[in-house]
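test case, fold it:
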Amino acid sequence: MDRREMLVATAGVAGAALLTSSSAQAGDKDKKKIRFQDSDFVDSNGKFKEDKAKDAIIALMKYHGYPIFDGIKEKLWVSDYGKGQFTKFGLAAIMFKNNEEDRYMLMDLFLLPGQMLPEHWHVKTDKNPAKREGWLVRWGESHIVGIGDDNLSKDVIIPACHNGGKTETRHDTLAKPGMFVPLAQVESKHWQWGGPEGAILTEVANVHDDSGVRHTDKEGNDFFLKGGK
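Numbering: from 1, shown residues only. Next up is the predicted model:
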């Protein structure tokens, strides 16, 4: 390699390093868009600020490139399960279709980084059978946890507001984009936890019935069954 070729090669390496550094800095800057504090979502009286929670989820959508369609904010369902710790414990979802006559359902779930969807299970009701479901990760990563051997990642932090930081199920599947994870067994307990960049998932199921949902955290269960947000 002559001197000219060496200079060109060196310049190329330097340019790639600069691009990598710039991309990393841009990525760190973008991550700030999906980093929040629990205080962002409760008012001075401790009431959940649903509108602010929806804004946070839309920030998560924009970060990942999820399509923002007209009326999306109105379609979002958000809840902190009455805990006042939305960044650690809560959920957002858009129900696109829940057909109780023909029994099929489609919705998207949204988890902030490090946010836990509480441990729960589904039972049959007077109107519907127990829910059979599965999840396809679209963006980010989700720890999908259910029955089975305890292999829960040390990265997963169960918030103290959920049964003192405990769950009954601890079999962890780290699901990344393109991975589909089915419910291990009908009526089995399960929960999820958002990865470092949160998670956006599509859930498919036979049917959903709020009255058939049960949570292992009693306070969260009572709050949900009363229709709280």
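
for the residue sitting nearest the centre point of the chain, phi and psi?
Per CA atoms, centre = their mean, the C-alpha nearest to the average position across the chain is that of Leu111, at 2.1 Å. As for Leu111, its main-chain torsions (degrees, to the nearest 10) stand at phi -120, psi 130.

could you do Asn221 as well?
phi -70, psi -50.

show me what contacts the residue nearest to the centre of the chain?
Leu91, Ala92, Leu117, Gly140, Ser142, Gln192, Trp193, Gly194, Gly198, Ala199, Ile200, Leu201 (CB atoms under 8 Å, 6 or more residues apart in numbering). Just so you know, the C-beta spots here come from the backbone N, C-alpha and C atoms, and that holds for glycine as well.

the fourth one: helix or strand, and which one exactly?
Secondary structure assigned from DSSP states H and E places Gly140 in strand 133-146.

any idea which helix or strand comes after that strand?
Next element after strand 133-146 (DSSP H and E): strand 171-175.

pull out the buried residues from the helix or strand just after that next one.
Going down the chain from strand 171-175, the next helix or strand is strand 180-182, by DSSP H and E. Buried residues in strand 180-182, counted by 16 or more other CB atoms under 10 Å: Val181.

the helices in the protein, which residues?
3-31, 50-64, 72-75, 218-225 (DSSP state H).

can you check which strand is longest in the protein?
strand 190-205 (DSSP state E).

which strands or helices does that one pack on?
Applying 3 or more CB pairs under 8 Å, 6 or more residues apart in numbering; DSSP states H and E, we find strand 190-205 packed against helix 50-64, strand 104-111, strand 116-122, strand 133-146, strand 171-175.

buried set for the strand holding Gly140?
In strand 133-146, counting by 16+ other CB under 10 Å, buried: Glu133, Trp135, Val137, Arg138, Trp139, Gly140, Glu141, Ser142, His143, Ile144, Val145, Gly146.

circling back to that earlier point, nearest to Gly212, out of the helices and strands packed on strand 190-205?
strand 116-122 (5.2 Å; CB to CB).

give the residue spans of this protein that score low on pLDDT.
Counting by pLDDT under 70, the ranges of the chain that qualify are 1-29, 228-229.

break it into its domains for me.
Following the assignment in automatic domain parsing, the chain carries domains at 1-34, 37-225.

just name the most buried of those.
domain 37-225 (a mean of 17; mean count of other CB atoms under 10 Å).

straight-line length of that domain, end to end?
Using CA to CA, to the nearest Å, the span of domain 37-225 from its first residue to its last is 26 Å.

about what we covered before: could the contacts of Leu111 go into CSV alongside distance to Met107?
Shown next, in CSV, are these (distance: CB to CB, whole Å):
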residue, distance to Met107
Leu91, 11
Ala92, 11
Leu117, 13
Gly140, 17
Ser142, 15
Gln192, 14
Trp193, 19
Gly194, 17
Gly198, 17
Ala199, 14
Ile200, 12
Leu201, 9
